[in-house]
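J.: Dropping the sequence and predicted coords here.
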There are 2 protein chains.
Amino acid sequence: MDNIKKDNTEQKILEAAHTVFIRKGMDGSRMQEIANEAGINKALLHYYFRTKQKLFEAIFKQVLNKAFPGIKEFLYSDIPIEIKIGAFVEKYMELLIQNPFIPMFILKEINRDPESLAAVIKNQGVNPHEVFASFEKEMDKGNIRRINPKDLLVNMLALSIFPVAAKPLMTVMFFDNNEEDYKSFLAERKNTVKEFILNSILIK
Amino acid sequence: MDNIKKDNTEQKILEAAHTVFIRKGMDGSRMQEIANEAGINKALLHYYFRTKQKLFEAIFKQVLNKAFPGIKEFLYSDIPIEIKIGAFVEKYMELLIQNPFIPMFILKEINRDPESLAAVIKNQGVNPHEVFASFEKEMDKGNIRRINPKDLLVNMLALSIFPVAAKPLMTVMFFDNNEEDYKSFLAERKNTVKEFILNSILIK
DNA sequence: GTCTATATGGCGATAGAC
DNA sequence: GTCTATCGCCATATAGAC
């Protein structure tokens, strides 16, 4: 049947595009390279996705969906704030370690085309303002010290994302080009970031 | 005299290239656009810098020099550690606020071509290992709690750099597209980051 | 649906007049 | 030193056979 063939090819294209786009970004990627990676012909890419732009958008959405994980689940539970934050940092850094190209991919493209970002994000069910509100509540209850909730969330993200995005810089400057050292640093960091944050906001 | 004309043009080219490269990166920039920005002809770019690559490298070095400020001065002084760290964060964030394109520019290019990074960095007189050593000393003296000094420096950088690099993302997600709100958040953040770090590492 | 061949346009780079 | 004109290449995209 035709649909089977179609699904296979479309799937192969999506996977190949993902591989190439995430490594080189929209500007740096070539349709030919994607075709090679998929083991098919360049013309087929256009047959399935018409333009490079449209193919890219498909991948962009797919990656954003992975990068903004179910924040609801992290938010709506009755566990104490310090457990919540710790779990989020740990889970999120684990995701980034497994998918180290996500941060740079998103950072690059949101700077290249900020407009298309807003559209995609609204379809995600991610609402930071709810997170801010839940932080405020914990401050009111006296469980953590007063801090701008936006700063707190930005700090959580920054501490998790930056060392992954800046891997080449860090490997050169901090680890004398030894990748293994960088990797074990990052693995250990799941704990140190958690400690660093909680040390700062918990009231002792 | 010829040299005057030459210096003027070369200077104009460098400024134009800086403007364009920093906004769109190496891949996204066009020689034609740089020529327009400089108010000159495309051929003249090649006359002065031969290739796009060489022109880019000139800008890259220039930006790196700005982005890695005199870390010596920050390091070799007898002021207490909490003042030192506070001053660094404040000075560095001020630099980034004045030059908001620096973080993305560097992040993008170090991922595109990590090799050329090491070479340039070594010529900068920046030695992170000395910073690590000075952190260790403060821990030995009991002035700050024990923490991997690499984590501490990464945290200082991450908290300062990330919100600048992720401006479009934050403006959309946290500030409902209101740029003014983002700006005042960033201005205020010079203090909140300082507090956040010191709260975490100072022994109370 | 998949391929080969080609159209079309843009880009970096060079030749050559002034 | 600066310009116009153009080369040669490579990338996206399409036409058309199978």
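T.: Received, thanks. Nothing here was measured: the structure is a model prediction, and the numbers come from that model.
J.: A:Leu186: neighbour count?
T.: Per other C-beta atoms under 10 Å in any protein chain shown, the neighbour tally for A:Leu186 reads 17. In this view, the C-beta of every residue, glycine as well, is placed from N, C-alpha and C.
J.: That one touches A:Ala166, doesn't it?
T.: No: using C-beta atoms under 8 Å, A:Leu186 makes no contact with A:Ala166, being 11.1 Å away.
J.: low-scoring pLDDT stretches of chain A, where are they?
T.: A:1-6, A:70-72 (pLDDT under 70).
J.: Centroid-nearest residue for it?
T.: The centroid of chain A falls nearest to A:Ala67 when counting by C-alpha atoms, centre = their mean (3.3 Å).
J.: Spatially nearest residue to that one (excluding sequence neighbours)?
T.: A:Ile102 (5.2 Å; C-beta to C-beta, 6 or more residues apart in numbering or on different chains).
J.: What distance do you get for that neighbour to B:Lys52?
T.: 29 Å (C-beta to C-beta, to the nearest Å).
J.: I figured A:Gln124 hits A:Val63, correct?
T.: No: checked against C-beta under 8 Å, the pair A:Gln124 and A:Val63 is beyond contact range at 11.9 Å.
J.: Look at those two and report which has more neighbours.
T.: More neighbours surround A:Val63 than the other of A:Gln124 and A:Val63, with 20 against 16 (other C-beta under 10 Å).
J.: where's the more buried one, which helix or strand?
T.: Take DSSP states H and E as the rule and A:Val63 turns out to sit in helix A:52-67.
J.: ok, longest helix in chain A?
T.: Counting residues, the longest helix in chain A under DSSP state H turns out to be helix A:2-28.
J.: Tell me what angle whichever helix or strand comes after it forms with helix A:52-67.
T.: Counting by DSSP H and E, the next helix or strand C-terminal to helix A:2-28 is helix A:31-38. Per axes from the mean of the first three to the mean of the last three C-alpha atoms, to 10 degrees, the angle that helix A:31-38 makes with helix A:52-67 is 60 degrees.
J.: Give the buried residues for helix A:31-38.
T.: A:Met31, A:Glu33, A:Ile34, A:Ala35, A:Glu37, A:Ala38 (16 or more other C-beta atoms under 10 Å in any protein chain shown).
J.: Please give me every residue in contact with the fifth one.
T.: Looking back up the chat, that one is A:Glu37. Contacts for A:Glu37 were tallied using C-beta atoms under 8 Å, 6 or more residues apart in numbering or on different chains; they are A:Ala16, A:Thr19, A:Val20.
J.: Who wins on neighbours among those?
T.: A:Val20 (22 neighbours).
J.: which residues touch that one?
T.: Neighbours of A:Val20 in contact, by C-beta under 8 Å, 6+ apart: A:Ser29, A:Arg30, A:Glu33, A:Ile34, A:Glu37.
J.: what's the closest of those residues to B:Met173?
T.: Proximity of the contacts of A:Val20 to B:Met173 (C-beta to C-beta) peaks at A:Ser29, which lies at 26.1 Å.
J.: and that closest one, what is it in contact with?
T.: Applying C-beta under 8 Å, 6+ apart to A:Ser29 gives the contacts A:Val20, A:Phe21, A:Arg23, A:Phe56.
J.: do A:Leu95 as well
T.: Counted by C-beta under 8 Å, 6+ apart, A:Leu95 has contacts A:Lys66, A:Ala67, A:Pro69, A:Ile102.
J.: Which positions in chain A make contact with DNA strand D?
T.: Residues of chain A lying near DNA strand D by C-beta under 7 Å from any atom of the strand: A:Ser29, A:Arg30, A:Met31, A:Gln32, A:Lys42, A:Ala43, A:His46, A:Arg50, A:Thr51, A:Lys52, A:Gln53.
J.: mind running it again at 10 Å?
T.: Contact residues (C-beta under 10 Å from any atom of the strand) of chain A with DNA strand D: A:20, A:26-35, A:41-47, A:49-56.
J.: which among these end up buried?
T.: A:20, A:26-29, A:31, A:33-35, A:45, A:49, A:52, A:55-56.
J.: Just the helices from chain A, written as ranges.
T.: Under DSSP H, chain A gives helices at A:2-28, A:31-38, A:42-49, A:52-67, A:71-75, A:81-98, A:102-112, A:114-122, A:128-140, A:149-165, A:167-173, A:179-201.
J.: Adding distance to B:Glu90 as columns, could you present the ones you listed in JSON lines?
T.: Formatted as JSON lines, the helices of chain A follow (distance: least, C-beta to C-beta, whole Å):
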{"stretch": "helix A:2-28", "distance to B:Glu90": "33"}
{"stretch": "helix A:31-38", "distance to B:Glu90": "45"}
{"stretch": "helix A:42-49", "distance to B:Glu90": "48"}
{"stretch": "helix A:52-67", "distance to B:Glu90": "31"}
{"stretch": "helix A:71-75", "distance to B:Glu90": "32"}
{"stretch": "helix A:81-98", "distance to B:Glu90": "26"}
{"stretch": "helix A:102-112", "distance to B:Glu90": "24"}
{"stretch": "helix A:114-122", "distance to B:Glu90": "28"}
{"stretch": "helix A:128-140", "distance to B:Glu90": "25"}
{"stretch": "helix A:149-165", "distance to B:Glu90": "15"}
{"stretch": "helix A:167-173", "distance to B:Glu90": "22"}
{"stretch": "helix A:179-201", "distance to B:Glu90": "18"}
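J.: Ok, which of those helices comes nearest B:Ala118?
T.: Per C-beta to C-beta, nearest to B:Ala118 of the helices of chain A: helix A:167-173, 4.8 Å.
J.: got the contact list for the closest one?
T.: A:100, A:163, A:177-179, A:182, B:106-107, B:110-111, B:114, B:117-118, B:121, B:126, B:128, B:154.
J.: Now restrict the residues you listed to buried residues only.
T.: A:100, A:163, A:182, B:106-107, B:110-111, B:117-118, B:121, B:126, B:128, B:154.
J.: any chance of these in CSV, with distance to A:Glu82 too?
T.: Below are the buried ones among the contacts of helix A:167-173 laid out as CSV (distance: C-beta to C-beta, whole Å):
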residue, distance to A:Glu82
A:Pro100, 27
A:Pro163, 22
A:Tyr182, 28
B:Ile106, 34
B:Leu107, 31
B:Ile110, 35
B:Asn111, 34
B:Leu117, 38
B:Ala118, 40
B:Ile121, 38
B:Val126, 36
B:Pro128, 31
B:Val154, 22
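J.: biggest separation within the residues you listed, which pair?
T.: Between any two of the buried ones among the contacts of helix A:167-173 (C-beta to C-beta), the greatest distance is 24.7 Å, for A:Pro100 and B:Val126.
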